[in-house]
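Participant: need the 3D shape of this:
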Amino acid sequence: QLTESGGGSVHTGGSLKLSCTGPGYSYRGYCMGWFRQTPGKEREAVATISSVDKIEYIESVKGRFTISQDSTKDTLFLQMNSLTPEDTAVYYCAAGPERREMGDSCQGYWGQGTQVTVSS
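Facilitator: Presented below is the predicted three-dimensional model:
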């Protein structure tokens, strides 16, 4: 079971750090990631980290968001800086098998989601 925390409301340019706790999914071929969804849109992958620490980001968050894990790999983080209203969404932590495409990866277990709201 995955549990997210750290969401909230900030103004444009602000920062938030999301955390996700749960059993470590550090198996070979598994990855963990952060996804987000806004009403009326499909859930999209934001950042993923594989069992061998390969990291991927969607283009819109590169240079602003950083995905990381603690040393035990039981906690996943997403540091979000320079937030904009376009980052407003429910953010989900997920774990699952790695796939060829980032958007298809890490989708096996899901957290309940945490709301991130960025106002101008």
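
Participant: tell me the contacts of the spatially most central residue of the chain?
Facilitator: Taking C-alpha atoms, centre = their mean, the centroid of the chain lies closest to residue 34, which sits 1.8 Å from it. For residue 34, the contact set (C-beta atoms under 8 Å, 6 or more residues apart in numbering) comprises 18, 20, 45-48, 67, 76, 78, 91-94. Using the backbone N, CA and C atoms, a C-beta is placed for each residue, glycine as well.

Participant: how does it look with 10 Å?
Facilitator: 4, 18, 20, 45-49, 57, 61, 65, 67, 76-78, 80, 91-94, 106, 111 (C-beta atoms under 10 Å, 6 or more residues apart in numbering).

Participant: so which strand or helix has it?
Facilitator: For residue 34, the host element (DSSP states H and E) is strand 30-37.

Participant: show me which residues of the very next helix or strand once past that strand are buried.
Facilitator: Toward the C-terminus, strand 30-37 is succeeded by strand 44-50 as the next helix or strand (DSSP H and E). When neighbours are counted by 16 or more other C-beta atoms under 10 Å, the buried residues of strand 44-50 are found to be 45, 46, 47, 48, 49, 50.

Participant: same question, stretch 31-45
Facilitator: Buried, per 16+ other C-beta under 10 Å, within stretch 31-45: 31, 32, 33, 34, 35, 36, 43, 45.
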